[in-house]
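Q: Below is the sequence, then the predicted model.
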Amino acid sequence: MQHKANEPFNELIAQFYLHGWVWVPNFLPIALNQALLADLKRQTLQQAGVGRQQAHLLNAQIRRDKTAWLDGTSQPQQDYLAIMTQLQQVFNQRFFMGLFDFECHYARYAEGDFYQKHLDAFKGRSNRVLTTVSYLNNVEQGGELQLFDAEDRLLSTITPTATGLLLFESERFPHQVLPAIDERYSIAGWFRRNNSLNGMVDPGT
Ligand SMILES: O=C(O)CCC(=O)C(=O)O
Ligand SMILES: [Fe+2]
């Protein structure tokens, strides 16, 4: 018997179980989507980084989006984080994933911005387990997300649409954002596992 509160995620869970990734076109309530988009537009966005050590010059060859971390200080952020906490609980109940934390940032891709093909986590070297991307606006041209398998075969090309959620295993799926033409607004997030549970020292982030 499923707990009633988990039912909205059943289809998501079933698809994830089969493929390790899932695209859910109508994930967020539209009112929350709009509130998040307005909240994003109030933020001071900064040139995104790749890891913590690299210089901005190198970053700009890899990614051009601008980001701001969610800190839960506005109502829409709290509402979003509450939904993601529910999702975290469902994943832990169904798959014993040991997810203990969720971090996420707003991102804006302006015309010409891109993110070259990358993995969000490397086996054994990161505590990022699941990647989530919520798209906050309808993108008509450019800015597609392309998802690849471990053999570099293209699995899917996703045109961002408002309220949509993409979720995938961070270690398994290389992906890229094609150069934006229309402005493109999103929340990229990561469910994390505490690596110290596996007998490794977790340096934290
Ligand atoms: O916005 C997207 O579609 C993906 C973003 C991404 O890959 C990332 O921020 O790591
Ligand atoms: Fe990524």
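A: Now that the structure is in, tell me what you want to look at. Predicted, not measured: the structure shown is a model, and the values here were computed from it. Ligands and ions are numbered 1, 2, ... in the order given.
Q: Distance of Thr85 relative to Arg94?
A: Shown here: Thr85 relative to Arg94, a distance of 15 Å by Cβ to Cβ, to the nearest Å. Placement of C-beta: from N, CA and C, glycine included.
Q: Of the two, which one has the most company?
A: A count of neighbours by other Cβ atoms under 10 Å puts Arg94 above the other of Thr85 and Arg94, at 16 against 12.
Q: and the more buried one, what helix or strand is that in?
A: Remark: Arg94 resides in helix 75-95, with elements defined by DSSP states H and E.
Q: So which bits of stretch 93-100 are buried?
A: Judged by neighbour count (16 or more other Cβ atoms under 10 Å), stretch 93-100 contains these buried residues: 94, 97, 99.
Q: residues in contact with the last one?
A: Contacts here follow Cβ atoms under 8 Å, 6 or more residues apart in numbering; on that basis Leu99 touches 88, 91-92, 129-130, 191-193.
Q: Kindly report the same for Leu36.
A: Contacts were defined as Cβ under 8 Å, 6+ apart; by that measure Leu36 touches 28, 76-77, 80, 134, 136, 187.
Q: Contact residues of this protein facing ligand 1?
A: For the chain, the residues found near ligand 1 under the criterion Cβ under 6 Å from any ligand atom are 107, 115, 120, 133, 145, 175, 177, 186, 188.
Q: Now do the nearest residue to Phe9 once chain neighbours are set aside, the pLDDT please.
A: When the adjacent residues along the chain are set aside, Phe9 lies closest to Val90, with 5.0 Å between them (Cβ to Cβ, 6 or more residues apart in numbering). We have a pLDDT of 97 for Val90.
Q: quick one on the thing from earlier: so which of the contacts of Leu99 is the closest to ligand 1?
A: Of all these, the one sitting nearest ligand 1 is Leu130; the distance, using Cβ to the nearest ligand atom, is 12.2 Å.
Q: Neighbours of the closest one, how many?
A: When counting by other Cβ under 10 Å, one arrives at 26 neighbours for Leu130.
Q: How many residues are close by the closest residue to it other than its chain neighbours?
A: Excluding the flanking residues, the one nearest Leu130 by Cβ to Cβ, 6+ apart is Phe191, at 4.2 Å. For Phe191, the number of neighbouring residues by other Cβ under 10 Å comes to 25.
Q: quick one, phi/psi of Phe191?
A: Backbone torsions for Phe191, taken as degrees, to the nearest 10, come to phi -80, psi 130.
Q: which ones are touching Phe95?
A: Counting by Cβ under 8 Å, 6+ apart, Phe95 touches Tyr17.
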